[in-house]
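Colleague: kindly generate the corresponding structure for this input.
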Amino acid sequence: MRITDEGMRRVLNRYIEQQSEVARMKDARNKESRAKGMDEETPSDKVTLSERALELQYALKELNGVADAHREKVESIRKDLESGVYEVTGAMVAKKLLES
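Modeller: Residues are numbered from 1 along each chain as shown. Coordinates of the predicted model:
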């Protein structure tokens, strides 16, 4: 099984979306409470991210950095191809074929 950057990015993005949904729901409840005139202080929830969640957040940042680097490389090659200066030798192709 091969895990790709895209697969990990989708998992991390879904996790972040879920956290955003929870925050929006909490904000909506707070607004309702204030609208009903509840002056008494209600206990608030506290969110503490686990060590694993922090690792996932860091991994997402790193993946985004890698994706940006890949985009820059692809754009550079695209420009070279369009201008006609990009050359691929048989040795380069053979080396890449043997790597995979």
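
Colleague: report the longest helix in the protein, please.
Modeller: Counting residues, the longest helix found in the chain (DSSP state H) is helix 51-83.

Colleague: centre of the chain to that one, how far?
Modeller: Mean-position distance between helix 51-83 and its chain equals 10 Å (C-alpha atoms, centre = their mean, to the nearest Å).

Colleague: helices or strands up against that helix?
Modeller: Here helix 51-83 is seen to pack against helix 5-35 when contacts are counted using 3 or more C-beta pairs under 8 Å, 6 or more residues apart in numbering; DSSP states H and E. Backbone N, C-alpha and C define where each C-beta goes, glycine included.

Colleague: tell me the buried residues in the helix it packs on?
Modeller: 9, 12 (16 or more other C-beta atoms under 10 Å).

Colleague: show the average pLDDT along the longest helix of the chain.
Modeller: For helix 51-83, mean pLDDT rounds to 88.

Colleague: over to stretch 5-23?
Modeller: 83.

Colleague: next one: it to chain centre, how far?
Modeller: 7 Å.
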